[in-house]
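**Q** Give me the fold of what follows.
(2 chains)
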Amino acid sequence: MSQDDLLTLLDRVVDRATNGELVEAYGIDQTETTVKAYGGDVESLSSAQTRGVGIRVIVDGGVGYAYTADTSEAALAETLEEARVNASVATADPANVLAEPGDQRNLDGLYDPRFTQVAADDKVGLALALEAAATAADEIKGVDSATYGDSDATVAICSTAGVRGAYRRCDAYLGVEVLAERDGTTTSAYGLDLRRVAEDLDVDAAAREAVERAVRLLGGRKPASAPVPVVLDPYATAAFLGVLAAGLTADAVQKGRSLFAGHLGESIAPAHVTLVDDGTLVEGPGAAPWDAEGVPSGRTPLIEGGVLQGWLHNCHTAARDATSSTGNASRSGFKATPGVSPTNLFLQPGTADRDALLRQAGTGFYCQQIMGVHSGADPVSGEFSVGAAGVMIRDGAFAEPVREATIAGTIPQMLSGIVAVGADLRWLPFGGGMGGTTVLIDGMTLAGA
Amino acid sequence: MLPPMTFAIDDADVRAVLTAALDAGADFAELYAEQRRGRNVRLDDRRIEDLTSGRDRGAGIRVMRGAQTGYAYTNLLTRDAMVEAARVAAAGVQGNAKRTVADLTTVSPPVVHPVAEDPFAVDGRRLVEIVREAEDAAWSVSGDVRQVTVIWADTSQDVFLANSEGTRVVERRVRTRLVAMVVAARDGVVQTAFQGPGAAVGMELLRDHPPAEVGARAARQAVHMLDSRPAPAGELPVVLAAGSGGVLFHEACGHGMEADIVAKQASVYAGRRGERIGTPQLTGVDDGTDVGRWGSYSFDDEGTPAQRTVLFDQGVCTDYLTDRLRATELGIPRSGNGRRQSYAYLPIPRMSNSYILPGDDDPAEIVRGVTRGLYCDDLGGGQVDPASGDFVFGVDQAHLIENGEITHPVRGANLVGDGPTVIGRITAVGTDFGVRQGICGKDGQGVPAGLGNPTLLIERITVGGTG
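**A** Numbers count the residues shown, from 1 in each chain, chains lettered A, B, ... in the order given. Reported below is the predicted structural model:
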């Protein structure tokens, strides 16, 4: 469905609004292709077409939501009615507001016209080549999965407040999980490449990344327990940024669920640490011209010069704090009401590459895999103890691999222990776009047997 | 009992779709269509923050030739749209078989999961009252309660499945769940607790789990944990309370028994059928037939009847969990575990309800036998690397065991280990049994998964703590 067709569909919903009623309609039309290769052959080829509309109604301060995958005129009318009924039993809250119309400009580079020119055979070829490249390496016994995937999505929003806009974005990716084996023990690791279109994907880079990360873990043993400097690899950093992000939303702060609440304006990290959310960085997975309520995306510094600067807002949290939305309303598709989450969240990169950070650590633990970050890290208290696998660092270089370890500490300790952020920023699609960089942190506790 | 099914696709349309799907020479074609209603009421920060209802529907067409699969789906349930999707799916798997569509026969279910009170006969106003009851009870537990979140969720999923072998299946799956999350704080210590009963039943869920009780229990747990100390670290004996350890078995053993992971040699249990891995006290099953449980169903999402499958029989690695594809590939029976999140996904082997079965030991005696250890009342989420079996579990609520007595609450613990080693260290199994409910994620698909276990003693496991 074109952007105009989707907008027309949404217009018809908004036109049904009665006096005193606020109505917002949000629609998605998405086509996806996934090709999985295994054993030198295509394992599966999936093609998906999803369309749906979510309708938010605010009546007398109460908000209701309803969605439908059936976009016929009758189904949309029925869905609007359901949203009205839901609104009538919800709690009235003056902070239930719709976004005011802003600058509904497009973000250049979200869509690449080359996307539609990629033949199905080329997509299959990429998946097969990815598996072949990964399994050709020494000590690799196979892949768990080797996937080419792409998506072409049109998103539109219309509301009685006057918001009206649509955009289109395309994405293509390669993802491979390899299995490495030595002396009867197996390790696994991911490699990933995200681009706008298939022809820009780098098969060898994705395969090499998975292979290097899996082979590096072979022969791992439990480490001795000790407080050591930890170097997080980009995947581990991205996972930790996800935990940080949960505490940096205004929603968490307002509900007493953030360990950062009450610390605005305080120094919580060394002066060289800057943490930014920026939905306008077009290469990031979280890029969009505007957020899930139609508020233009922007750059929001959360920690600057080590000082806590602010929170991520959607329109509701902003209204509660009498401030403006930062353009961080998010939804997981058309079935959900807008929440608050990061777009592209990253630590401002430094100048050192990974090897320089290993040398700077001297002795320490290179943490490559974090396990249980969502259960082992408490976003409220900031205490965490998570499972980890990686490699010991000795004399500034990789030494023996480590498995079944835990690293423990608190989020505040970890932030204040950041010694250096690497120059190697890349985007990883972990709950929005998370900036993966190598990071050297002092004073965490590594525990083994 | 069950409200009448209104969802079906007529034979002529089914034949047209399956015929188009077989047209490019595949061996097998399947049409999976569903219509789903769902509601979600979320109370947070004293407000009904979200009241959502919705309808989703779609049809997925799967075409198979040997180990190759083509799949396409559409939101539109017209014959034309489904035939078009069938052609797209078929293009992925060219072959030269000349199969035709067999006459369709409706399979009767091996087990049904009765619904006494249809949730969709209950209006939003009543749901708001239910959620408020749980909330009020939570706040009234203690002045230390800082935040209460309560969620009601119900779904009704009508599935229609037909395949080129002539199998036709219809099923309505109703699930309800009430979740309470409470944050308590005192003197700078913040603790959260969770309760989330759910089942494949209707509103009668609330008879077994009155809302006030669910809310109060979560609040009492959070407040109790305010007195906790940091958990000890190191290798300790650990007792898992009935119901609390099912998630560990699910993650560390169950996933490795799923036949797709086995077939790819990515499981630590691959090639080990018949081998004793666990202790003789340990018997573990997957059981989709347990009536009315969270992970139960009549048929899996390929039309195979639900079953009970023994994974570990007195410690011996027994049967893998299969879907159609992997059963054929490994030359073993279909176990009724081909599940999918929705019409948008291909089915893959998944657990239904994974249980460790009760044993012979008195739960109180198990605790009395431990000199110094950890008693886990509730585990949190976990993660496992199936290749190595390595896992990590957060412990939501735990106590120290000192000289055979459960004593002080401790926080911040997690359990680190690997599946085969841990099941080889389960040296006592209680006569009791408890269940929990989860949403299991695999390959980007979430499905309801039931968990269950009796009181268990793991004689030694690494506890990652902060104390």
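**Q** What about residue B:274, how many residues nearby?
**A** The tally of other residues near residue B:274 (other CB atoms under 10 Å in any protein chain shown) stands at 8. (Glycine included, C-beta is placed from N, CA and C.)
**Q** Oh, that last question was meant for residue A:108, not what I typed.
**A** Neighbours around residue A:108, by other CB under 10 Å: 8.
**Q** now the closest residue to it other than its chain neighbours, what's its secondary structure?
**A** Using CB to CB, 6 or more residues apart in numbering or on different chains and skipping the chain neighbours, the partner closest in space to residue A:108 is residue A:282 (6.9 Å). Following DSSP: H, G, I helix; E, B strand; the rest coil, the label given to residue A:282 is coil.
**Q** pLDDT wise, what is residue A:282 at?
**A** For residue A:282, the pLDDT comes out at 94.
**Q** which element follows the lowest-mean-pLDDT helix or strand in chain A toward the C-terminus?
**A** Least confident helix or strand of chain A, by mean pLDDT, DSSP states H and E, is helix A:373-376 with a mean of 64. Counting by DSSP states H and E, the element after helix A:373-376 in chain order, helix or strand, is strand A:383-394.
**Q** Can the next helix or strand after that following strand be said to contact chain B?
**A** Moving toward the C-terminus from strand A:383-394, the first helix or strand encountered (DSSP H and E) is strand A:397-410. Yes - on the criterion CB under 8 Å from any CB of the partner chain, strand A:397-410 is in touch with chain B at A:403, A:404, A:405, A:406, A:408, A:409.
**Q** in stretch B:141-160, what's buried?
**A** B:141-142, B:144-160 (16 or more other CB atoms under 10 Å in any protein chain shown).
**Q** Can you show me the helices along the stretch 251-400 of chain B?
**A** B:259-263, B:324-330, B:363-368 (DSSP state H, counting those that start in this stretch).
**Q** closest one to chain A among those?
**A** helix B:259-263 (7.8 Å; CB to the nearest CB).
**Q** and the closest one, how far from the chain's centre?
**A** 19 Å (CA atoms, centre = their mean, to the nearest Å).
**Q** Report the secondary structure state of residue A:434.
**A** strand.
**Q** Tell me which stretches of chain A form helices.
**A** Listed in chain order, the helices of chain A (DSSP state H) span A:3-14, A:73-89, A:120-135, A:203-216, A:234-247, A:250-254, A:315-320, A:354-361, A:373-376, A:411-416.
**Q** about what we covered before: in JSON lines: the residues of strand A:397-410 next to chain B, plus neighbour count.
**A** Converted to JSON lines, the residues of strand A:397-410 next to chain B look like this (neighbours: other CB atoms under 10 Å in any protein chain shown):
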{"residue": "A:403", "neighbour count": "24"}
{"residue": "A:404", "neighbour count": "25"}
{"residue": "A:405", "neighbour count": "30"}
{"residue": "A:406", "neighbour count": "29"}
{"residue": "A:408", "neighbour count": "25"}
{"residue": "A:409", "neighbour count": "21"}
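**Q** closest one to chain B among the helices of chain A?
**A** Ranking those by proximity to chain B (CB to the nearest CB) places helix A:373-376 first, at 3.1 Å.
**Q** For residue 268, give me its contacts.
**A** In the absence of a named chain, this looks at chain A. By CB atoms under 8 Å, 6 or more residues apart in numbering or on different chains, the contact set of residue A:268 is A:260, A:303, A:306, A:307, A:308, A:412, A:415, A:416.
**Q** right idea, wrong chain: chain B
**A** A:186, B:256, B:386, B:387, B:388, B:389, B:418, B:419, B:420.
**Q** Might you list the low-confidence residue ranges for the stretch 1-150 of chain B?
**A** For the stretch 1-150 of chain B, the stretches with pLDDT under 70 are B:1-6.
**Q** try it again with 90
**A** B:1-8, B:24, B:45, B:49-50, B:66-67, B:75-77, B:91-99 (pLDDT under 90).
**Q** quick one, helices of it?
**A** Here the stretch 1-150 of chain B has its helices, by DSSP H, counting those that start in this stretch, at B:11-22, B:79-91, B:124-139.
**Q** export those to JSON lines and tack on mean neighbour count?
**A** Output for the helices of the stretch 1-150 of chain B, formatted as JSON lines (neighbours: other CB under 10 Å):
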{"stretch": "helix B:11-22", "mean neighbour count": "21"}
{"stretch": "helix B:79-91", "mean neighbour count": "21"}
{"stretch": "helix B:124-139", "mean neighbour count": "20"}
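**Q** Name the residues of stretch B:322-334 that are buried.
**A** By 16+ other CB under 10 Å, the buried positions in stretch B:322-334 come out as B:322, B:323, B:324, B:325, B:326, B:327, B:328, B:329, B:334.
**Q** domain parsing for chain B?
**A** Following automatic domain parsing, chain B resolves into domains at B:11-227, B:229-464.
**Q** Most tightly packed of these?
**A** Among these, ranked by average contacts under mean count of other CB atoms under 10 Å in any protein chain shown, first place goes to domain B:229-464 (a mean of 22).
**Q** still on that earlier bit, filter the contacts of residue A:268 to the buried ones?
**A** For the contacts of residue A:268, buried by 16+ other CB under 10 Å: A:260, A:303, A:306, A:307, A:308, A:415, A:416.
**Q** if we can go back for a sec, in JSON lines: the helices of the stretch 1-150 of chain B, plus distance to chain A.
**A** What follows is the helices of the stretch 1-150 of chain B, written out as JSON lines (distance: least, CB to the nearest CB, whole Å):
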{"stretch": "helix B:11-22", "distance to chain A": "13"}
{"stretch": "helix B:79-91", "distance to chain A": "5"}
{"stretch": "helix B:124-139", "distance to chain A": "5"}
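**Q** These: which one's closest to residue A:6?
**A** Nearest to residue A:6, of all the helices of the stretch 1-150 of chain B, is helix B:79-91, at 17.8 Å by CB to CB.
**Q** Using PDB, list the CA coordinates for the closest one.
**A** Provided in PDB are the C-alpha atoms of helix B:79-91 (Å, rounded to 0.1, in the frame of the first residue of the first chain):
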ATOM      1  CA  ARG B  79      -9.700 -17.100  -1.800                       C
ATOM      2  CA  ASP B  80      -7.800 -14.900  -4.200                       C
ATOM      3  CA  ALA B  81      -5.400 -13.500  -1.600                       C
ATOM      4  CA  MET B  82      -4.700 -17.000  -0.200                       C
ATOM      5  CA  VAL B  83      -4.200 -18.500  -3.600                       C
ATOM      6  CA  GLU B  84      -1.700 -15.700  -4.400                       C
ATOM      7  CA  ALA B  85       0.100 -16.400  -1.100                       C
ATOM      8  CA  ALA B  86       0.200 -20.100  -2.000                       C
ATOM      9  CA  ARG B  87       1.900 -19.300  -5.300                       C
ATOM     10  CA  VAL B  88       4.500 -17.200  -3.600                       C
ATOM     11  CA  ALA B  89       5.200 -19.900  -1.100                       C
ATOM     12  CA  ALA B  90       5.400 -22.500  -3.800                       C
ATOM     13  CA  ALA B  91       7.900 -20.500  -5.800                       C
END
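**Q** So which elements touch it?
**A** The elements that helix B:79-91 packs onto, with contact taken as 3 or more CB pairs under 8 Å, 6 or more residues apart in numbering or on different chains; DSSP states H and E, are strand A:41-59, helix B:11-22, strand B:28-44, strand B:47-65, strand B:68-74.
**Q** wait, which of the ones you listed is closest to residue B:85?
**A** Of all these, strand B:68-74 comes closest under CB to CB, at 4.2 Å.
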